[in-house]
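1. this one's sequence-less:
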């Protein structure tokens, strides 16, 4: 298994899609918690509107990560772009957040 990060950037209009699909998105993350290890929204400063998101994923390959992204209820290509990057921790020890 390889580790990956997915970095999402949202347009301002994505806020409406987030609101409409929030419950389904959380359910999706829970259903795929064996692969999507950490996920969360990004803001410019605390309490400001969301401008994107970040996932840490464990998957066999890029295509598996891509499949997770495009099947997420939050996936809305008009309002959300993403970048998938391979990732490795500098010091590979257990971390609890």
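-> Good, I have the coordinates. Everything numeric here is computed off the predicted structure, so don't read it as measured data. Residues are numbered from 1 along each chain as shown.
2. wouldn't residue 28 be in contact with residue 73 here?
-> Yes. If you go by C-beta atoms under 8 Å, residue 28 and residue 73 touch, sitting 5.7 Å apart. All C-beta atoms are positioned from the backbone trio N, CA, C, and that covers glycine.
3. Tell me which of the two has more neighbours.
-> Higher neighbour count among residue 28 and residue 73: residue 28, with 19 against 16, using other C-beta atoms under 10 Å.
4. In which helix or strand does the spatially most central residue of the chain reside?
-> Nearest to the geometric centre of the chain sits residue 55, at 3.6 Å (C-alpha atoms, centre = their mean). For residue 55, the host element (DSSP states H and E) is strand 50-59.
5. residues in contact with that strand?
-> 1-10, 14-15, 18, 34-44, 65, 68, 74, 80, 87 (C-beta atoms under 8 Å, 6 or more residues apart in numbering).
6. Give me the residue ranges of the protein where confidence is low.
-> Applying pLDDT under 70 to the chain picks out residues 95-97.
7. check contacts around residue 77.
-> If you count contacts by C-beta under 8 Å, 6+ apart, residue 77 has none.
8. before we move on, back to that, strand 50-59 and the helix or strand following the strand holding residue 55, what's the angle between them?
-> The helix or strand immediately downstream of strand 50-59 is helix 62-71, counting by DSSP H and E. Orientation check (axes from the mean of the first three to the mean of the last three C-alpha atoms, to 10 degrees): helix 62-71 against strand 50-59 gives 140 degrees.
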